[in-house]
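*Asks:* Quick one, structure for this:
(chains A and B)
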Amino acid sequence: DTGVSQNPRHKITKRGQNVTFRCDPISEHNRLYWYRQTLGQGPEFLTYFQNEAQLEKSRLLSDRFSAERPKGSFSTLEIQRTEQGDSAMYLCASSPIQGTQSGANVLTFGAGSRLTVL
Amino acid sequence: AQSVTQLGSHVSVSEGALVLLRCNYSSSVPPYLFWYVQYPNQGLQLLLKYTSAATLVKGINGFEAEFKKSETSFHLTKPSAHMSDAAEYFCAVRGVQAGGFKTIFGAGTRLFVKA
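*Replies:* Residues are numbered from 1 along each chain as shown, chains lettered A, B, ... in the order given. As a prediction, the model looks like this:
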């Protein structure tokens, strides 16, 4: 397994444009998480999926953000009408279901997708 | 709700000196606690985790952390710093109650190691 893969690694866009990020988790991991990280801060939880079901969304996540995991494998995070405040590193992580596999509760992170909104 | 506070956004030590990174957590139930490390231009990776077994947890690269319930702390230590330890360290808590499957991170502590 090659770990958690995120694409693109870098995205520069103009304010008002839409962007989409993709995450391919570790294949046997049922849970998939999206976090946002800005300079000098820890990862901030955005949303998570168990298989294809989106089980929780942060109240900080505006309506411009949407995430999907249609077949319970890869996930996409779309940001519509981007704003300069959306500039951040978007992190994806996956984990096995608690208690069923070794490493349960442990997040494996991808390298992130850095978004710059001009 | 769970939360994590890391004391000190920057810590600087000399090579060979003790490393101590502080973390306090808030949780209404026994938590799972973690330390993750982020090296420059790399993703976060697990350093060690506490999951209600031994209170002293050993991790990779000589790091260890002690869970102290009475102090709600989970401080990270390493007896002797190495230049390669320079990185950002994040303490994290994961709740075990309903709706608590998300992991909450602290703001991070950047460790500098001087030659």
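*Asks:* contacts, neighbours, all on C-alpha from now
*Replies:* Fine.
*Asks:* For the closest residue to B:Arg94 other than its chain neighbours, grab the count of nearby residues.
*Replies:* Excluding its sequence neighbours, the residue lying closest to B:Arg94 (Cα to Cα, 6 or more residues apart in numbering or on different chains) is B:Thr103, at 4.4 Å. Number of residues near B:Thr103 (other Cα atoms under 10 Å in any protein chain shown) recorded here: 22.
*Asks:* Check A:Lys71 too.
*Replies:* 10.
*Asks:* thinking again about what came up before, just confirm the residue nearest to B:Arg94 contacts B:Ala92, I think it does.
*Replies:* Yes: with contacts counted by Cα atoms under 8 Å, B:Thr103 reaches B:Ala92, the gap being 6.4 Å.
*Asks:* Which helix or which strand is home to residue 48?
*Replies:* No chain in the question, so chain A it is. strand A:44-50 (DSSP states H and E).
*Asks:* wait, I meant chain B there
*Replies:* Applying DSSP H and E, one finds B:Leu48 within strand B:45-50.
*Asks:* ranges for the strands of chain B?
*Replies:* For chain B, applying DSSP state E gives strands covering B:3-7, B:10-14, B:19-26, B:32-38, B:45-50, B:56-58, B:64-68, B:73-78, B:87-94, B:103-105, B:109-114.
*Asks:* er, chain A actually
*Replies:* Using DSSP E, strands in chain A cover A:5-7, A:10-13, A:19-24, A:31-37, A:44-50, A:53-57, A:65-68, A:75-79, A:88-95, A:108-109, A:113-117.
*Asks:* tell me which residues form a beta bridge with the nearest residue to A:Thr76 once chain neighbours are set aside?
*Replies:* Once flanking residues are discounted, A:Thr76 sits nearest to A:Arg22: 4.5 Å by Cα to Cα, 6+ apart. With DSSP bridges applied, A:Arg22 shows beta-bridge pairing to A:Asn7, A:Thr76.
*Asks:* neighbours around A:Arg22, how many?
*Replies:* 20.
*Asks:* For A:Trp34, give me its contacts.
*Replies:* Contact partners of A:Trp34, counting by Cα atoms under 8 Å, 6 or more residues apart in numbering or on different chains, are A:Phe45, A:Leu46, A:Thr47, A:Tyr48, A:Tyr90, A:Leu91, A:Cys92, A:Ala93.
*Asks:* Can you tell me which of those residues is nearest B:Val113?
*Replies:* For these, the minimum distance to B:Val113 (Cα to Cα) is 26.7 Å, reached by A:Leu91.
*Asks:* Bridged to the most centrally placed residue in chain A, which residues?
*Replies:* By Cα atoms, centre = their mean, chain A has its centre lying nearest to A:Trp34, at 2.8 Å. Using DSSP bridges, the bridge partners assigned to A:Trp34 are A:Thr47, A:Cys92.
*Asks:* and the gap between it and A:Glu44?
*Replies:* The spacing between A:Trp34 and A:Glu44, counted by Cα to Cα, to the nearest Å, is 9 Å.
*Asks:* Chain B against chain A: which residues are in contact?
*Replies:* For chain B, the contact set with chain A under Cα under 8 Å from any Cα of the partner chain comprises B:32, B:41-46, B:90, B:94, B:99, B:102-108.
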